[in-house]
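# 3D, please:
(one chain, ligands or ions: 1)
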Amino acid sequence: MVDKTNYDERTPYQLPFPKEAQQEIVIPDAIPDDERLWVPQAENVWFRPLCLNRSQGYWMNILRVRKSGVLSRHRHPQPVHGFVLKGRWHYLEHDWTAEEGGYVYEPPGETHTLVVPEGVEEMMTYFQVNGVMCYVDPWGEVLGYEDVFTKIDLCKKHFEEVGLGADFVDQFIR
Ligand code: FE
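Sure thing, here's the model as predicted:
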């Protein structure tokens with residue numbers, strides 16, 4: 001019989017994890033040198049998938065932009081968290097600038113227009129986007145959307161094209 005009084009702080013958890021629990025994701029090169037891991041989403045705009053959580057409907061990714069100007073105008077029905085890794089950006093609708101090292105919370109109901117200012121050669125931001133991003137005109141008319149499933153599809157298509165295989169995306173899906 002196991003002596004449950006005989007342990008110290010370095011004794012690991014002794015029981016199996018729940019059978020239905022998903023596998024962890026560990027990505028040492030979250031900012032990869034391998035260009036193939038950057039999935040193009042527009043000209044000079046890429047994302048690096050980290051966790052494509054289809055079971056809860058959100059995605060974690062690094063957005064990389066190598067151009068100045070307007071990226072998109074979009075509405076968030078659900079919250080977004082962002083951590084700026086490099087460069088800076090702002091929204092036409094707010095008077096603050098997200099700077100390298102800074103954190104941003106975008107509450108549900110936000111509609112904003114993302115701009116990378118002149119002089120920023122590269123911007124990288126780690127984003128958690130929940131649910132859906134709706135691309136809109138200035139009056140909120142929906143022109144298109146992205147969700148975890150469109151992200152997965154983009155990854156599959158890209159990874160196939162660069163020779164990693166469509167299945168390469170599976171490691172990021174939970
Ligand atoms: Fe946004």
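# center of this structure - which residue?
By C-alpha atoms, centre = their mean, the chain has its centre lying nearest to Asn61, at 2.2 Å.
# so it: helix, strand or coil?
strand (DSSP: H, G, I helix; E, B strand; the rest coil).
# got a list of what it touches?
By C-beta atoms under 8 Å, 6 or more residues apart in numbering, the contact set of Asn61 is Phe47, Arg48, Pro49, Leu50, Tyr126, Phe127, Val129, Lys151. C-betas here are computed from N, CA, C, even on glycine.
# ditto for Leu71
Ala42, Val45, Val65, Trp89, Leu114, Val115, Val116.
# how many residues are close by the second one?
Counted with other C-beta atoms under 10 Å, the burial measure for Val45 works out to 18 neighbours.
# how far does the host helix or strand of Lys151 sit from its chain's centre?
Assigned by DSSP states H and E, Lys151 belongs to helix 148-161. Relative to its chain's centre, helix 148-161 lies at 14 Å (C-alpha atoms, centre = their mean, to the nearest Å).
# check stretch 130-150 too.
How far stretch 130-150 lies from its chain's middle: 15 Å, per C-alpha atoms, centre = their mean.
# tell me the pLDDT of the residue lying closest to Tyr126 once chain neighbours are set aside.
Computed as C-beta to C-beta, 6 or more residues apart in numbering, the closest residue to Tyr126 that is not its neighbour in sequence is Phe83, at 4.5 Å. Phe83 carries a pLDDT value of 98.
# show me the beta-bridge partners of Phe83.
Applying DSSP bridges to Phe83 gives these bridge partners: Tyr103, Tyr126.
# would you mind measuring from it to Phe127?
Separation of Phe83 from Phe127 (C-beta to C-beta, to the nearest Å) stands at 8 Å.
# quick check: buried residues in stretch 28-37?
Using 16 or more other C-beta atoms under 10 Å as the test for burial, stretch 28-37 gives Leu37.
# what is the mean pLDDT for that stretch?
On average, stretch 28-37 scores 97.
# same check on stretch 133-148?
Summarised as a single mean, pLDDT over stretch 133-148 is 98.
# ditto for stretch 45-58
For stretch 45-58, the per-residue pLDDT averages 98.
# need the CA coordinates for that stretch. CSV is fine.
The C-alpha coordinates for stretch 45-58 follow below in CSV (Å, rounded to 0.1, in the frame of the first residue of the first chain):
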residue,chain,number,x,y,z
VAL,A,45,1.0,40.3,-43.0
TRP,A,46,1.5,36.8,-41.5
PHE,A,47,0.4,34.9,-38.4
ARG,A,48,2.3,32.3,-36.5
PRO,A,49,-0.2,29.7,-35.1
LEU,A,50,0.4,28.6,-31.5
CYS,A,51,-2.9,27.2,-30.3
LEU,A,52,-6.0,26.9,-32.5
ASN,A,53,-8.6,26.0,-30.0
ARG,A,54,-11.6,24.7,-31.9
SER,A,55,-13.2,23.2,-28.8
GLN,A,56,-13.5,26.7,-27.2
GLY,A,57,-13.5,28.8,-30.3
TYR,A,58,-10.4,30.9,-29.9
